[in-house]
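**Q** any chance you can model this:
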Amino acid sequence: MAVTTSTDFGLRFFYFAFACLLYSIWRAVDLLVQVELTGEYERAPIVTADNTLTLLKKEAGIG
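**A** Below is the predicted model of the structure:
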């Protein structure tokens, strides 16, 4: 978890909203990948941080 010592409400709200947006995008991508690969949706994610980092290292040389 990121830690902020800012007392600025706008900045703290932005961090919260941005984190929610990233999480929602991750779950939507996971849902689409699961449906495409298996034809159904399970609660356990297929798209994990480890899978994503491995793909980025292999394809783009990042990391």
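**Q** work out the gap between the helix or strand harbouring Ile25 and the centre of the chain.
**A** Here Ile25 sits within helix 9-38, counting by DSSP states H and E. Put simply, helix 9-38 sits 5 Å off its chain's centre (C-alpha atoms, centre = their mean, to the nearest Å).
**Q** repeat for stretch 7-21
**A** Stretch 7-21 has its C-alpha centroid displaced from the chain centroid by 16 Å (C-alpha atoms, centre = their mean).
**Q** need the CA coordinates for that stretch. PDB is fine.
**A** Extracted C-alpha coordinates of stretch 7-21, given in PDB (Å, rounded to 0.1, in the frame of the first residue of the first chain):
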ATOM      1  CA  THR A   7      -3.300  16.500   4.300                       C
ATOM      2  CA  ASP A   8      -4.700  17.700   0.900                       C
ATOM      3  CA  PHE A   9      -8.100  16.100   0.500                       C
ATOM      4  CA  GLY A  10      -8.000  16.400  -3.300                       C
ATOM      5  CA  LEU A  11      -4.700  14.500  -3.600                       C
ATOM      6  CA  ARG A  12      -5.800  11.800  -1.200                       C
ATOM      7  CA  PHE A  13      -9.100  11.400  -3.100                       C
ATOM      8  CA  PHE A  14      -7.200  11.200  -6.400                       C
ATOM      9  CA  TYR A  15      -5.000   8.400  -5.100                       C
ATOM     10  CA  PHE A  16      -8.100   6.500  -3.900                       C
ATOM     11  CA  ALA A  17     -10.000   7.000  -7.200                       C
ATOM     12  CA  PHE A  18      -7.000   6.100  -9.300                       C
ATOM     13  CA  ALA A  19      -6.500   2.900  -7.300                       C
ATOM     14  CA  CYS A  20     -10.100   2.000  -7.700                       C
ATOM     15  CA  LEU A  21      -9.900   2.600 -11.500                       C
END
